[in-house]
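**Student:** Just the structure for this:
(chains A, B and C)
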Amino acid sequence: MGKVQDKPILSLTNLKKIYGDYHAVNDVSIDIHGGEFITLLGPSGSGKTTVLNMIAGFEFPSDGHIIFQGQPIDLLLPEKRNIGMVFQNYALFPHMTIFDNIAFPLKMRRVNKAEIIRLVAEVLDLVELGDYADRKPDQLSGGQQQRVALARAIVFDPPLLLLDEPLGALDKKLREQMQIELKKLHTRLKKTMIFVTHDQEEALVLSDRIVVLNHGKIEQIGPPNELYDNPTNEFVAGFIGESNLLKGQVRSSESDLAVLKLDDGSEHKLELPGQVRSGDKVCCCLRPEKIILVDDNHTDFHLTGVLEDTIFVGETKRYTIRIGNKTLLNAREMNIRNKVGPKPGDRVKISWEPESIKLIQSTSI
Amino acid sequence: MNPSAPQEKRILLIGFVTLILFFLILPTLMVIPMSISETRYLVLPPKGFTLKWFLQFFTDPRWLGPTLLSLRVALFSAVLSVVLGTLASLALVRGRLPGKRVIYIMLMSPMMIPVIVIGFAAYGMFVRFHLIGTTIGIVLAHCIICIPFSVVVISANLQRVDISLELAARNLGASARQAFFRITIPSIKPGIFAASLFCFVESLDELIMTMFIIGTTKMTLPLRIFTEIRFRISPVIAAASTVFVIVATLAIVISTYIDKKK
Amino acid sequence: MLLVAPLIIILCIFYFYPLLKLFPESLYRDGHLSLENYNHFFRTPLYTFILFRTIRIAAETTILCFLLGYPTAYLMASVRNPRITALMMLCIMLPFFTSILARSYSWIALLQTKGFVNFVLINLGFIERPVRLLYNEYAVLVGMVHIMLPFMILPIYSVLRNIDTRLVKAARNLGANSREAFIRITFPLSLPGIGAGVMITFILALGFYITPALLGGPSTLMMSTLIDQQVNRLGDWEFAGAIVVVLLASTILIVSIFDKLVGLDKIYK
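**Tutor:** Numbers count the residues shown, from 1 in each chain, chains lettered A, B, ... in the order given. Below is the predicted model of the structure:
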């Protein structure tokens, strides 16, 4: 975790970007503190890149403000902002050598020659590409280009670094390696970083905080574990990790037991968290790994269902269980004991720790 | 893209470019009002409306004959250039022949050498083969000029066609011939269409090669216009020019259509 | 190999072989081997003057086309409304596909003494009586720029359009203002397009016949019209052959200079 200072380094307040009658970004407010690694996570079209473009100065907000280091910068030219950016597909200048690419921001800042040579060498060492200064970008591998892009974005020591899906073009293995390097770099440089991705796993691994965006709006902001354990709505629950959703209406509620009528028509007696009243429409979120399949003679169970399918995935087994008429639940179990599990078609009883089930906002209500 | 680009500079650029576009398009379209006005020269505002110049263009054998010959020549030249160009492109893109680069540059060279040089040089050969004043002679001469365009367009198209399509066809039991006619040719259709169109328009407007090859008995449309401009400046030229503008418009419409289909 | 054969045979007979024969044949004067034709060309001030005038007019055409064509291509590549792009493209493609003869005819009508340009100039009060605008070098230049301009715009446009817009954004983000970003990123990256456009325009202008023949006069003879004059009016094929060789040699020289500078391979793409 980065040091959290009192005053945010960057504040977005009620930021909007409207094209015609399309709201690309709709009322986004975030405070980002110095040294934080914050991720804007969302599917394509969620507005995350537009937010980034407004911070970098490539687009002007239709409404709202961007305060950077205490100064409003909504209308400042991009070249005056002093914010580093790593572009998707890197945007390395194809007609310049690696050295010239990295020296570019320094030349624009009229840094003297000796200093340029020193700074470029330093940053090339940092990304371990010291021997590649004279090559052209197309003579480098994807991973190397990625590191050059990073070097170019940090060589002028900007207090804030924007990263627009920088790992998207790399293959899976290289991507995981670069995630680790990026994390190390963040710890070492103590720079504030805003990272944009649609890959929830990447967001969970890298971030101090995640901002989940959808249709131009913020769905939830929080540290990764909070977002995973306590998603506030259906979108976040579905976008981050896998989840089972039980949607329906509360029929009756007595002390801590409620009768829930699912949308498929079946009724189940359940322990629901929080206060629910008869007639409430609710949506419950239950992570697959929190579901425990219990033995038939067990009495402490929450639901019964029929096992539809089992998939063996190495370290885990995945079960698909049908409860009620057509509601399917996914369950995941570590493959620790070599026990013989239930077979497809068997009736199974499932259970979970009481705090594992969460009431969340349903989008369809 | 760039919100901070100074607006005044952009407006200045837009104004400048608008003038350039007017410079390009106005003289091109001006032949239309000229062809339907009664006066011999264009006066502003155009006086009267008449179709007599068009009528003369389509009935006077001095115009009609050359027009029909030009159309025939353009059709043959387009077909011949495209057939030869397709075969050559196949050899150049797919084949494994030595000195590909040299052959390619040789095929392209008519595009870079002044037509008057080619016409002057080729004249002797056309005389020796008794091709002066023959339709086939004119077609051949036009083909020399059209071939580079045909090869450029078709080989560029062929390069974009994934060779694994042909391999897949072979793997699925097609003979080399079948793969060629069922897979390769259909996939370079847009290129073939575009090349035909280009060669047709190019041949229809060709003047210089024609001047050397045509002899004394025949007349093509461009040559008729050229002599008329030099010696008479009759308003029928405006009608003929309008026909060319219509041909150009059709060419653009068709090529846009081909692009959209792609 | 067989596929390319028919084309090669036709081109060899009617194109390569005759081209190769040009030089040896130009060495004959009245049936005797001599350098007389070249002597005559290079010793007569008028002819060398025509050679330099041809090169000068070709260069002027190329420069004017570049000055008019680059901004056009640049604007067209930066316009985001596809309808406006299509409209601009139409303004370029329609002249491009329209007969050169038709367009030269238009210019004659525009520039003649009773023509449109004189009409406008008189009505605006710039001149009192019609001026002779035709049959001089300016008329040739205007006509040639009009015909060559699309050949300059199209290759530059196709290169500019394919430059990743993120590169300019990156330059801006790294501290370059819009002018610096243009000078250091956009312009250098568009050089291949400029190379192609400049070469095509220059080469075409060098051997261009129709416009000088129709819009120019006796005082604007260029290499191509000189050849025509020697062949069709004077019937001196042997001397004309030498002029053709000089024109061909200048063309090849210029093409090979461009090949060294830009690379022909890039231009064909």
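
**Student:** Those residues of the stretch 151-262 of chain B touching chain C, which are they?
**Tutor:** B:152, B:156, B:201, B:204-205, B:207-208, B:222, B:225-226, B:229-230, B:233, B:237-238, B:240-242, B:244-245, B:247-249, B:251-252 (CB under 8 Å from any CB of the partner chain). Every C-beta, even on glycine, is put in place using the N, C-alpha and C of the backbone.

**Student:** Could you do the stretch 101-250 of chain A as well?
**Tutor:** Residues of the stretch 101-250 of chain A lying near chain C (CB under 8 Å from any CB): A:104-105, A:108-109, A:152-153, A:156.

**Student:** I'd like those as a markdown table, with distance to A:I292 and pLDDT appended.
**Tutor:** Shown next, in a markdown table, are these (distance: CB to CB, whole Å; pLDDT from 0 to 100):
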| residue | distance to A:I292 | pLDDT |
| --- | --- | --- |
| A:F104 | 57 | 91 |
| A:P105 | 55 | 91 |
| A:M108 | 60 | 88 |
| A:R109 | 60 | 88 |
| A:R152 | 51 | 92 |
| A:A153 | 47 | 92 |
| A:F156 | 54 | 91 |
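
**Student:** coming back round to it: also within reach of chain A: list those from the residues of the stretch 151-262 of chain B next to chain C.
**Tutor:** Okay, of those, nothing touches chain A (CB under 8 Å from any CB).

**Student:** When you filter those down to buried only, what's left?
**Tutor:** B:152, B:156, B:201, B:204-205, B:207-208, B:222, B:225-226, B:229, B:233, B:237-238, B:240-242, B:244-245, B:247-248, B:251-252 (16 or more other CB atoms under 10 Å in any protein chain shown).

**Student:** show me where pLDDT drops low in chain C?
**Tutor:** Confidence mapping of chain C against pLDDT under 70 gives the ranges C:1, C:264-269.

**Student:** how much space is there between the closest residue to A:G314 other than its chain neighbours and B:M108?
**Tutor:** In space, A:G314 comes closest to A:N335 once its chain neighbours are excluded; the distance is 7.2 Å by CB to CB, 6 or more residues apart in numbering or on different chains. A:N335 sits at a distance of 66 Å from B:M108 (criterion: CB to CB, to the nearest Å).

**Student:** Please say which of those two ends up with more neighbours.
**Tutor:** More neighbours surround B:M108 than the other of A:N335 and B:M108, with 17 against 14 (other CB atoms under 10 Å in any protein chain shown).

**Student:** Check that one and give its pLDDT.
**Tutor:** With respect to pLDDT, B:M108 has a value of 87.

**Student:** secondary structure element for it?
**Tutor:** helix B:100-108 (DSSP states H and E).

**Student:** And that helix, what's buried?
**Tutor:** B:103-108.

**Student:** Any idea how far the helix or strand encompassing A:C284 is from the middle of the chain?
**Tutor:** Using DSSP H and E, A:C284 maps to strand A:281-286. Centroid displacement of strand A:281-286 relative to its chain, using CA atoms, centre = their mean, to the nearest Å, is 22 Å.

**Student:** Name the residue of the stretch 1-150 of chain C with the shortest distance to chain A.
**Tutor:** C:R80 (11.4 Å; CB to the nearest CB).

**Student:** For that residue, give me the backbone phi and psi.
**Tutor:** phi -100, psi -10 (degrees, to the nearest 10).

**Student:** distance of it from chain B?
**Tutor:** 7 Å (CB to the nearest CB, to the nearest Å).

**Student:** what about that residue, neighbour count?
**Tutor:** For C:R80, using other CB under 10 Å, the count is 8.

**Student:** State the pair within the buried residues of helix B:100-108 that is farthest apart.
**Tutor:** B:I103 and B:M108 (9.6 Å; CB to CB).

**Student:** quick one: is the longest helix belonging to chain C near chain A?
**Tutor:** Counting by DSSP state H, the longest helix found in chain C is helix C:45-78. No: Helix C:45-78 is not in contact with chain A by CB under 8 Å from any CB; minimum separation 14.2 Å.

**Student:** Can you name every helix or strand that the next helix or strand after that helix contacts?
**Tutor:** Going down the chain from helix C:45-78, the next helix or strand is helix C:82-97, by DSSP H and E. Packing partners of helix C:82-97 (3 or more CB pairs under 8 Å, 6 or more residues apart in numbering or on different chains; DSSP states H and E): helix B:7-29, helix B:236-261, helix C:45-78, helix C:137-161.

**Student:** Dump those helices into a markdown table; add distance to C:G217 as well.
**Tutor:** Listed next are the helices and strands packed on helix C:82-97 as a markdown table, based on distance: least, CB to CB, whole Å:
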| stretch | distance to C:G217 |
| --- | --- |
| helix B:7-29 | 20 |
| helix B:236-261 | 20 |
| helix C:45-78 | 13 |
| helix C:137-161 | 9 |
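
**Student:** out of those helices, deepest packed?
**Tutor:** helix C:137-161 (a mean of 23; mean count of other CB atoms under 10 Å in any protein chain shown).

**Student:** angle of that helix against helix C:82-97?
**Tutor:** 140 degrees (axes from the mean of the first three to the mean of the last three CA atoms, to 10 degrees).

**Student:** gap between the two ends of stretch C:228-237?
**Tutor:** Start to finish, the residues bounding stretch C:228-237 are 10 Å apart (CA to CA, to the nearest Å).

**Student:** Give me the neighbour count for A:E315.
**Tutor:** 9.

**Student:** For it, list the residues it contacts.
**Tutor:** Shown in contact with A:E315 (CB atoms under 8 Å, 6 or more residues apart in numbering or on different chains): A:334-335.

**Student:** Which strands and helices lie in contact with the longest helix of chain C?
**Tutor:** If you count contacts as 3+ CB pairs under 8 Å, 6+ apart, helix C:45-78 packs onto helix B:7-29, helix C:36-43, helix C:82-97, helix C:137-161, helix C:187-206, helix C:223-228, helix C:237-261.
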